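# Show me how the following folds:
(chains A and B)
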Amino acid sequence: MTIEEVQNEIIDEFSMFEDWEERYQYMIDLGKDLPLIEDKYKTEDNIIKGCQSKVWVHANMQDDKVNFTADSDAIITKGIIAILIRVFSNQHPKDILEANTDFIDQIGLKEHLSPTRANGLVSMIKQLKLYAIAYQTQLG
Amino acid sequence: MLDVQNIRKDFPILNRTVNGKPLIYFDNAATSQTPQQVIDVIVDYYTNYNANIHRGVHSLSQEATDAYEQARIKIQKHFNAKHPHEIIYTSGTTHSINLVANGFSSLLKKGDEIIVSALEHHSNIVPWQMLCERTGASLKVIPMNENGELMLSAFDALLNDNTKLVFVNHISNALGTINPIEYIIDEAHKVNAAVLVDGAQSCPHIKPDVQALDVDFYVCSAHKLCGPTGVGMLYGKEEWLNKLPPYQGGGEMIAEVSFEKTTYAALPHKFEAGTPNICGGIAFGAAIDYMNAIGFDNIAQYEHELLEYGTEQLQKIDGLKIYGTAKEKTSVISFNVGNIHPYDIGTILDKMGIAVRTGHHCAQPIMDFYNIPGTVRASFMFYNTKEEIDSFISALKKAIMMLS
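Got it, this is the predicted structure:
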């Protein structure tokens, strides 16, 4: 699936929720299900700065596709990362770089994009894209 | 007795909704809300007499100058300073602290010691670290106990002839502890050290008498006590303010300027370079009038009831731990629930219209002491109600259910 297809799938899923409670409960559940990052990658270097909660992200590339794993000590933040990882994992670095993230607005999480939000959704997206830049450079 | 329903009518913001729910504002320790009486003063200033002060010969300038200087006198009387010129307008507590820290650069030398408390806000730590770097002085810390109280025996042990300056907050922003500043001031004076008290958190709840306290410097921000942001004050004893060099150069702070030499203006203008926050200063005075009309005794008594009620209700929740259980504390409750991250609780509460603070409250050393990433902090003002606490408790229970 392309990034856009994954995003549309997520938009469809969120459109079934009637209120914030269902949306947040779903995110919390996603957070609980997030495949954890290996402990050895939960280092100071892998922490995304600018979050009120701790967020660790690790990336690797296989067959020209980038894969992400992550963790956070806050569950809602984990849910948000789980969504981002689902969108960006197993994608070509160039596609990750070119992807827009308007879908976040469409699934009712726009408030998390505000720069005052301490969860650092903006920082997370930036970090994922930075990894993509690094791998894109490797591919030449 | 305080008539909370009537008081609430003064605060237009309390009528708004957040995420479709009536706003419950429990982030008062970060900033307080503004009553209509203060908003009116701000509107009146810009509508009727906005002008630059102290220099204009025209009427508007004189009206603005009068109002600004009258507000200074209100502040002076409120804190019972001896002279109006002992009140320096600043942009807020942080600015006030930096002004003093900068001034001490010229008074300290290697080997001198500065004492701060373990209960400090970042803004009360960093300026002193910078001062120590500049002067070679060293920083000592008064430790705290598990209840969030300063350990006074350790403080006594830190004091010696090298101690030049002691900095302590009157009330801790993260835990609400009321510190025994009377004792700290008396003991510090025995070794001739100056004392600066950060009143940012105390001024909304207590009316300090700087002469009775015999404190050398006392600082606060208007926005914590129903005034606007961007304005605050530094009280300093005249003799101390005369000893400190000016902090910033610019207009107002000069008497005469030539390229060879500038002579500085007298107090308070020596420390008030540039065009100040004129409207802010006037509104600061109005905020003090507003609070005094309600009465600080009434405020303290009512807020204490809220604190006791809130504490009692929170303690009924399984797995909830309150940080900061000092005997003397103000209406601030910092807590965590089990292993739930404070950020998660704050996010869910916001969806239900409730504003609390989450995180380390700019007091990371305190969080390190308890070995936690942060807390949820609910802080009450005299316009909050027990009914709001009830709604907060049921919202909190819902958040816990969702997050567990």
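
# which residues of chain A fall in strands?
With DSSP state E applied, chain A shows strands at A:55-62, A:65-72, listed in chain order.

# Would you mind telling me which of those strands is nearest chain B?
Closest approach to chain B among the strands of chain A (C-beta to the nearest C-beta): strand A:65-72, 8.2 Å. Quick note: C-beta positions are derived from backbone N, CA and C, even for glycine.

# Quick one: the helices in the stretch 151-300 of chain B, in order.
Using DSSP state H, counting those that start in this stretch, the helices of the stretch 151-300 of chain B run over residues B:152-158, B:181-190, B:210-213, B:238-243, B:278-294, B:296-315.

# my read: B:A355 touches B:V18, true?
Yes - counting by C-beta atoms under 8 Å, B:A355 touches B:V18, with 7.3 Å between them.

# Spatially nearest residue to A:T43, not counting backbone neighbours?
Of all residues beyond its chain neighbours, the one nearest A:T43 is A:W56 (7.5 Å), with distances taken as C-beta to C-beta, 6 or more residues apart in numbering or on different chains.

# dump the residue contacts of that neighbour.
A:I37, A:Y41, A:K42, A:T43, A:N46, A:I47, A:I48, A:A70, A:D71, A:S72 (C-beta atoms under 8 Å, 6 or more residues apart in numbering or on different chains).

# what do you get for B:G280?
Taking C-beta under 8 Å, 6+ apart as the criterion, B:G280 is in contact with B:A222, B:G227, B:P228, B:T229, B:G230, B:V231.

# Centre-most residue in chain A?
To find the centre residue of chain A, average its C-alpha atoms and take the closest one (C-alpha atoms, centre = their mean): that gives A:L84, at 2.3 Å.

# what bits of the chain have low per-residue confidence?
Assuming you mean chain A. Low-confidence regions of chain A, defined by pLDDT under 70, span residues A:49-51, A:113-119.

# that answer is for a different chain, and I need it for chain B
The model of chain B has pLDDT under 70 over residues B:123, B:252.

# burial count for B:A266?
Burial of B:A266, expressed as a neighbour count using other C-beta atoms under 10 Å in any protein chain shown, amounts to 9.

# For B:R72, see how far away it is.
Distance, B:A266 to B:R72, by C-beta to C-beta, to the nearest Å: 14 Å.

# For the residue lying closest to B:F79 once chain neighbours are set aside, give me its contacts.
Across the structure, with C-beta to C-beta, 6+ apart as the measure, the residue nearest B:F79 apart from its sequence neighbours is B:V210 (5.0 Å). B:V210 makes contact with B:F79, B:N80, B:A81, B:Y218, B:Y235, according to C-beta under 8 Å, 6+ apart.

# And for the fourth one, nearest residue in space, chain neighbours not counted?
Pointing back at B:Y218 there. Nearest in space to B:Y218, with sequence neighbours left out and distances taken as C-beta to C-beta, 6+ apart, is B:Y235 at 4.3 Å.

# Repeat that for the second one.
With sequence-adjacent residues excluded and distances taken as C-beta to C-beta, 6+ apart, B:N80 is closest to B:D209, at 4.4 Å.

# how far away is the one you found from chain A?
Distance, B:D209 to chain A, using C-beta to the nearest C-beta, to the nearest Å: 38 Å.

# do B:A51 as well
Applying C-beta to the nearest C-beta to B:A51 and chain A gives a distance of 34 Å.

# tell me the SS of that residue?
coil (DSSP: H, G, I helix; E, B strand; the rest coil).

# Kindly report the same for B:V116.
Going by three-state DSSP: B:V116 is strand.

# shouldn't B:L99 be in contact with B:F271?
Yes - the criterion here is C-beta under 8 Å, and B:L99 meets it with B:F271 at 6.2 Å.

# Can you check which residues contact both of those two?
Common contact partners of B:L99 and B:F271 (C-beta under 8 Å, 6+ apart): B:I88, B:T90, B:L234, B:L244, B:Y247.

# dump the residue contacts of whichever residue of chain A sits closest to chain B.
Shortest chain A-to-chain B distance, computed as C-beta to the nearest C-beta: residue-wise this is A:A74, at 3.7 Å. Applying C-beta under 8 Å, 6+ apart, one finds that A:A74 lies in contact with A:Q52, A:S53, A:K54, A:N119, B:H341, B:Y343, B:D344.

# Could you identify the most distant pair in those residues?
The largest distance within those, taken as C-beta to C-beta, falls between A:K54 and B:D344 and amounts to 12.7 Å.

# buried residues in stretch B:210-223?
Applying a neighbour-count criterion of 16 or more other C-beta atoms under 10 Å in any protein chain shown, the buried positions in stretch B:210-223 are B:V210, B:L213, B:V215, B:D216, B:F217, B:Y218, B:V219, B:C220, B:S221, B:A222, B:H223.

# quick revisit: which of the helices of the stretch 151-300 of chain B is buried the deepest?
Of all the helices of the stretch 151-300 of chain B, helix B:278-294 has the most neighbours on average by mean count of other C-beta atoms under 10 Å in any protein chain shown, namely a mean of 23.

# Just the helices from the stretch 301-404 of chain B, written as ranges.
Defined through DSSP H, counting those that start in this stretch, the helices belonging to the stretch 301-404 of chain B, from first to last, are B:342-351, B:364-370, B:386-403.

# just so I know, which of those lies nearest A:Q106?
With respect to A:Q106, and counting by C-beta to C-beta, the nearest of these is helix B:342-351 at 18.3 Å.

# residue contacts, the residue of chain B most remote from its centre?
Note on chain B: the largest separation between a C-alpha and the mean C-alpha position, by C-alpha atoms, centre = their mean, falls on B:E260 (40.2 Å). For B:E260, the set of contacting residues under the criterion of C-beta under 8 Å, 6+ apart is empty.

# Angles on the backbone of the residue lying closest to B:A194 once chain neighbours are set aside, please.
Taking C-beta to C-beta, 6+ apart as the measure, B:A194 lies nearest to B:D216, with 4.3 Å between them; neighbours along the chain are not counted. Geometry field for B:D216 lists phi and psi as phi -80, psi -40, criterion degrees, to the nearest 10.

# Then B:H83?
Comment: the main-chain dihedrals of B:H83 come out as phi -130, psi 150, following degrees, to the nearest 10.

# And for it, the neighbour number?
Burial measure for B:H83: 13 neighbouring residues, criterion other C-beta under 10 Å.

# Enumerate every residue touching it.
By C-beta under 8 Å, 6+ apart, the residues touching B:H83 are B:Q76, B:E238.

# distance of it from B:V210?
Distance from B:H83 to B:V210, counting by C-beta to C-beta: 11 Å.

# ok so, going back, tell me which of A:K54 and B:D344 has more neighbours.
Taking neighbours as other C-beta under 10 Å, A:K54 and B:D344 compare with B:D344 leading, 29 against 16.

# is it true that that one touches B:L403?
Yes - here B:D344 lies in contact with B:L403, judged by C-beta under 8 Å, at a distance of 5.2 Å.

# Need the overlap of contacts for these two.
A:I75.

# burial count for the nearest residue to A:K110 once chain neighbours are set aside?
Spatial nearest neighbour of A:K110, chain neighbours left out: A:I104 (6.6 Å); criterion: C-beta to C-beta, 6+ apart. Counted with other C-beta under 10 Å, the burial measure for A:I104 works out to 23 neighbours.

# and B:E305, what is it in contact with?
If you count contacts by C-beta under 8 Å, 6+ apart, B:E305 has them with B:K386.

# And it, how far from chain A?
When C-beta to the nearest C-beta is the yardstick, B:E305 and chain A sit 32 Å from each other.
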